[in-house]
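*Asks:* Kindly generate the corresponding structure for this input.
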Amino acid sequence: MIDVTGLEAARSPRQQVLCTIARSGGAPETVPLLARLDTNLEVQYYWHGGILNYVLRRRLAKGSHQSRASKAALAR
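*Replies:* Residues are numbered from 1 along each chain as shown. I've put the predicted structure just below:
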């Protein structure tokens, strides 16, 4: 079994995470790894669950902002 921990704390690029390897009949071994989230944008993609979710959320947020601006302009 392989378990990677520390990604939940990855809020900036190139952070260290831990990999625990459990072999049958042996003691588990933990090794440090470098999370290959190399840019702030890649970190954002990760936290949104991928680039598609990131783009959709940004477009929806932008659309609701534009909708409010349009309503305000019409109210004048």
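*Asks:* CA only for contacts and neighbour counts going forward, please
*Replies:* Fine.
*Asks:* so residue 28 touches residue 22, yeah?
*Replies:* Yes: counting by CA atoms under 8 Å, residue 28 does reach residue 22; the two are 4.3 Å apart.
*Asks:* Show the contacting residues for the closest residue to residue 34 other than its chain neighbours.
*Replies:* Distance criterion CA to CA, 6 or more residues apart in numbering; nearest residue to residue 34, sequence neighbours excluded, is residue 16 at 4.6 Å. For residue 16, the contacting residues are 6, 32, 33, 34, 35, by CA atoms under 8 Å, 6 or more residues apart in numbering.
*Asks:* Could you tell me how many residues sit around the fourth one?
*Replies:* Okay, so that is residue 34. Using other CA atoms under 10 Å, residue 34 has 13 other residues around it.
*Asks:* Likewise for the first one?
*Replies:* Around residue 6 sit 14 other residues, with neighbours defined as other CA under 10 Å.
*Asks:* Next one: it relative to residue 54, how far apart?
*Replies:* Noted for residue 6: a distance of 22 Å to residue 54, by CA to CA, to the nearest Å.
*Asks:* Report the residue ranges of every domain in the chain.
*Replies:* Domain segmentation of the chain under automatic domain parsing yields 1-38, 41-76.
*Asks:* Need those in CSV (columns: mean pLDDT).
*Replies:* Putting the domains of the chain into CSV (pLDDT from 0 to 100) gives the following:
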stretch, mean pLDDT
domain 1-38, 94
domain 41-76, 82
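*Asks:* Please convert the contacts of residue 16 to a markdown table, extending it with secondary structure and distance to residue 64.
*Replies:* Output for these, formatted as a markdown table (DSSP: H, G, I helix; E, B strand; the rest coil; distance: CA to CA, whole Å):
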| residue | secondary structure | distance to residue 64 |
| --- | --- | --- |
| 6 | coil | 34 |
| 32 | strand | 42 |
| 33 | strand | 40 |
| 34 | strand | 38 |
| 35 | coil | 34 |
